[in-house]
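Enquirer: model this:
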Amino acid sequence: MNSSSKCEIPLTVNGEKYSVIARQADTLLFVLRNHLGLTGAKPGCLNGDCGACTVLMAKTPIKSCMILAIEAIGKSVTTIEGLRDTPIQQAFVEHFAFQCGYCTSGFIMNAHALVESTPNASDPIIEKWLESNVCRCTSYFEIEQAVKSVLAEKQASKD
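Expert: Just a heads-up that it's a prediction; the model follows:
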């Protein structure tokens, strides 16, 4: 079977099971957008540099333009459409952490993974995580403030 032939690809996205007929060479980004209609992950650079296509696979942020859809078989994928009023989404609104919005879903997915996996993240850790996404419209200050506010809320709820 060559990379241009199509095959059935079973995927679990946002908690739902799908079966798509796609080429083995199709990226996860392409399948999410063109087969499942989930357009929150954006095609930016298409080479893994900008992070606009970030989704979570097994709770880990990945650049969906850099992974084949067949690599997601048997793994849980979460897109921005799968998040429902998470604290980080609310914080982005409250802290005006976006302008044009093109990169926002990728930043939210990355930041959501950060606050879930590292609830005591320091400033250097936050900065390191945010380096994997690029925003050309706004300052990272507002994005950092949104992340810090969610981390502070998590700490306060523990105490």
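Enquirer: name the helices or strands packed onto the longest helix seen in the chain?
Expert: For the chain, the longest helix by residue count, based on DSSP state H, is helix 140-158. When contacts are defined as 3 or more Cβ pairs under 8 Å, 6 or more residues apart in numbering; DSSP states H and E, helix 140-158 packs onto helix 87-94, helix 104-117, helix 123-130. C-beta here means a position set from N, CA and C on the backbone, and glycine is covered the same way.
Enquirer: identify whichever of these lies nearest to Tyr140.
Expert: For Tyr140, the closest of the helices and strands packed on helix 140-158 is helix 123-130, at 6.0 Å, according to Cβ to Cβ.
Enquirer: nearest to Thr138, of the helices and strands packed on helix 140-158?
Expert: Per Cβ to Cβ, nearest to Thr138 of the helices and strands packed on helix 140-158: helix 104-117, 9.6 Å.
Enquirer: how far off centre is the closest one?
Expert: 6 Å (Cα atoms, centre = their mean, to the nearest Å).
Enquirer: and Ile62, how far from Asn110?
Expert: 10 Å (Cβ to Cβ, to the nearest Å).
Enquirer: ok and the lowest-mean-pLDDT helix or strand in the chain relative to helix 104-117, angle-wise?
Expert: The helix or strand of the chain with the poorest confidence is helix 140-158; it has a mean of 93 (mean pLDDT, DSSP states H and E). Calculated by axes from the mean of the first three to the mean of the last three Cα atoms, to 10 degrees, helix 140-158 forms an angle of 30 degrees with helix 104-117.
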